[in-house]
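Asker: can't give you the sequence, but here's the structure:
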């Protein structure tokens with residue numbers, strides 16, 4: 001349900017009628033507004049940080065004054081500012097700063113990159129990195145501590161898989177953590193062990209990764225990672241990011257950077273839960289539209305299962321390629337239920353990572369139970385817009401529950417074109433009918449907001465848009481079980497990263513479309529992605545990122 005516009009927006013719209021001179025006018029654009037009442041336009045006039053006019057070049061001239069800045073868009077495609085509805089901003093920066101193992105296509109290539117870093121590291125110092133994924137290797141097997149021991153005998157090594165739900169540690173790191181053949185699996189995690197010897201292989205899944213005490217980065221490094229991540233996002237054309245989980249220390253960094261005026265990107269931040277960050281958010285209440293509508297924190301982020309690639313996603317029946325496991329839940333239902341009920345009473349949004357069909361079934365059950373226990377009249381926000389992050393594998397009977405419950409599916413299209421190389425082996429062909437089922441969800445009336453899950457994926461808006469509308473790999477590959485019918489139209493894909501993303505953050509009155517009264521956030525692209533051929537989408541780049549009417553980035 002749309003809220004009534006604020007008094008400020010009404011006044012601003014009235015001002016536009018009298019054509020008060022604009023601060024900035026953008027002319028000669030190929031503008032896609034995502035406003036059904038006015039789908040296309042040529043020009044936009046900006047007053048302060050909001051849109052005063054959308055329409056033709058001729059009519060925009062009425063807003064030109066002596067001090068009005070005029071920017072010629074030269075016919076380029078303009079869209080409402082793109083929002084990445086699910087990313088990990090500190091991890092994006094750290095990926096750029098540290099050992100980036102993306103694109104290692106063989107075990108040998110992976111080890112060579114690690115060895116190169118080891119050679120530059122003092123003995124005894126930690127070697128950490130992220131981004132490897134073994135599913136493209138031949139054979140597609142996890143690396144082992146023995147592999148790492150050969151190239152790093154004098155350094156503890158801890159390297160996180162691309163999905164962030166598994167890591168490989170060498171013997172030095174395992175020894176420092178006291179992990180042996182007798183160490184039991186923690187709840188919600190697994191220490192992989194050799195089937196013959198019973199010794200740890202070095203692979204740690206989900207909560208087992210927490211057994212390794214890697215020294216945390218100093219505050220200055222963490223802040224730099226945040227700023228590096230923000231800079232990358234802006235240059236890619238993202239105007240807002242929704243950060244999927246944060247510790248209290250990271251929240252302090254974000255606020256400190258905003259206090260110092262160092263960033264212009266809009267950030268919607270979630271606090272990890274259950275635990276101290278979630279409890280503090282419940283206690284203190286949300287922060288809404290701080291720093292000129294650039295920072296909001298009203299959401300608790302829960303991780304409820306692992307990932308498909310590392311076989312930690314919680315499935316209803318065992319993995320097809322490993323029948324002795326069906327994955328696991330990483331949180332106890334009994335601990336989530338009271339937090340969910342309190343969140344409803346206090347107006348706090350909840351978003352939960354759920355990948356496997358069992359995890360999705362149970363989290364929808366938990367949401368539904370909370371909604372039944374805390375009735376709308378008992379809630380601070382009657383329609384809470386809770387989210388399921390990823391919603392990757394769904395049973396047919398659960399597909400319709402999102403719309404019925406008013407739960408938003410927060411999905412990352414690039415997961416499909418990455419995972420579908422190995423998902424048939426993990427799931428079998430039958431379960432793929434409910435995997436990455438964007439079109440099926442949309443047909444039920446569910447809302448999907450789009451994200452990237454960077455640094456797990458590359459985090460580029462054009463890859464996400466391409467994946468949603470093409471549902472093929474970036475090399476144009478498809479195969480059995482890819483279900484091309486689940487691809488969405490370009491119009492639906494655009495909504496995922498604009499108006500739907502705004503709705504998922506309670507921002508649809510301020511963002512998500514180009515219309516008078518809304519914040520002046522735009523993404524300008526080198527090509528018209530609504531019309532060009534599918535392969536050309538991937539060659540499209542961001543020419544300009546505009547936030548609050550200010551050109552933050554221009555090529």
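Answerer: That came through fine. Since the model is a prediction, treat every value here as computed from it, not as a measurement. Residues are numbered from 1 along each chain as shown.
Asker: what about the helices in the stretch 51-200 of the chain?
Answerer: Remark: helices assigned in the stretch 51-200 of the chain by DSSP state H, counting those that start in this stretch are 57-60, 89-97, 107-119, 145-151, 171-177.
Asker: quick check: which of those is buried the most?
Answerer: Most buried of the helices of the stretch 51-200 of the chain, by mean neighbour count (mean count of other C-beta atoms under 10 Å): helix 89-97, with a mean of 23. In short, each C-beta sits where N, CA and C put it, glycine included.
Asker: which strands and helices sit next to that helix?
Answerer: Contact here means 3 or more C-beta pairs under 8 Å, 6 or more residues apart in numbering; DSSP states H and E; on that basis helix 89-97 packs against strand 127-132, helix 219-236.
Asker: each with direction, which strands does the next helix or strand after the last one pair with?
Answerer: Using DSSP states H and E, the helix or strand that follows helix 219-236 in sequence is strand 238-243. Based on DSSP bridges, the strands next to strand 238-243 in the sheet, each with its direction, are strand 82-87 (parallel), strand 266-272 (parallel).
Asker: who touches the shortest one?
Answerer: Residues lying outside strand 82-87 but in contact with it, judged by C-beta atoms under 8 Å, 6 or more residues apart in numbering, are 233, 237-244, 266, 389-390, 410, 412, 449-454, 459, 461, 496-498, 500-502, 504-505, 511-512, 523.
Asker: mind checking the SS state of the residue nearest to residue 446 when sequence neighbours are not counted?
Answerer: In space, and not counting its chain neighbours, residue 446 is closest to residue 402: 4.0 Å by C-beta to C-beta, 6 or more residues apart in numbering. Under DSSP: H, G, I helix; E, B strand; the rest coil, residue 402 falls in the helix class.
Asker: tell me the pLDDT of residue 402.
Answerer: Listed pLDDT for residue 402 reads 98.
Asker: got it, and residue 15?
Answerer: pLDDT at residue 15 comes out at 44.
Asker: distance check, residue 502 against residue 45.
Answerer: 21 Å (C-beta to C-beta, to the nearest Å).
Asker: out of the contacts of strand 82-87, which end up buried?
Answerer: 233, 237-244, 266, 389-390, 410, 412, 449-454, 459, 461, 496-498, 500-502, 504-505, 511-512, 523 (16 or more other C-beta atoms under 10 Å).
Asker: hmm, residue 267 is touching residue 294, no?
Answerer: Yes - because the distance of 6.7 Å satisfies C-beta atoms under 8 Å, residue 267 is recorded as touching residue 294.
Asker: of those two, who's got more company?
Answerer: In this view residue 267 and residue 294 are compared by other C-beta atoms under 10 Å, and residue 267 has more residues nearby, 23 against 18.
Asker: any idea what sits nearest the more buried one, other than its immediate chain neighbours?
Answerer: residue 295 (5.3 Å).
Asker: need the pLDDT of that neighbour.
Answerer: If you check residue 295, the pLDDT there is 98.
Asker: hmm, residue 408 is touching residue 450, no?
Answerer: No - with contact defined as C-beta under 8 Å, residue 408 does not count as touching residue 450 (11.1 Å).
Asker: joint contacts of the two?
Answerer: residue 500.
Asker: if I look at residue 291, how far off is residue 548?
Answerer: 11 Å.
Asker: kindly apply the preceding question to residue 408 instead.
Answerer: In terms of C-beta to C-beta, residue 408 sits 25 Å off from residue 548.
Asker: who has more neighbours, these two?
Answerer: Neighbour tally, residue 408 and residue 548, criterion other C-beta under 10 Å: the higher count belongs to residue 408, 26 against 19.
Asker: for that one, give me phi and psi.
Answerer: phi -90, psi 140 (degrees, to the nearest 10).
Asker: leaving out sequence neighbours, find the closest residue to it.
Answerer: Using C-beta to C-beta, 6+ apart, the closest residue to residue 408 is residue 387 (4.5 Å).
Asker: with adjacent residues omitted, what lies nearest to residue 514?
Answerer: Counting by C-beta to C-beta, 6+ apart, residue 514 lies nearest to residue 33, which is 4.1 Å off, once chain neighbours are set aside.
Asker: please apply the same query to residue 213.
Answerer: With C-beta to C-beta, 6+ apart, the residue lying closest to residue 213 is residue 177, at 6.3 Å.
Asker: the one you found contacts residue 211, correct?
Answerer: Yes - using C-beta under 8 Å, residue 177 makes contact with residue 211 at a distance of 5.1 Å.
Asker: who touches the lengthiest strand in the chain?
Answerer: Identified as the longest strand of the chain according to DSSP state E is strand 295-303. For strand 295-303, contacts defined as C-beta under 8 Å, 6+ apart pick out 244-246, 251, 254-255, 258, 266-274, 278, 281-282, 286-290, 330-331, 336, 339, 343, 347-353, 389, 505-507.
Asker: surely residue 347 is in contact with residue 282?
Answerer: No - using C-beta under 8 Å, residue 347 is not in contact with residue 282, being 9.9 Å away.
Asker: look at these two and report which has more neighbours.
Answerer: residue 282 (19 against 16).
Asker: need the contact list for the more buried one.
Answerer: Counting by C-beta under 8 Å, 6+ apart, residue 282 has contacts 300, 339, 342, 343, 346, 348.
Asker: wait, a helix at it?
Answerer: Yes - using three-state DSSP, the assignment for residue 282 is a helix.
Asker: what's the per-residue pLDDT of it here?
Answerer: Note on residue 282: pLDDT of 98.
Asker: residue 477 looks like it's in a helix, true?
Answerer: No - Residue 477: not assigned to a helix; according to three-state DSSP it is coil.
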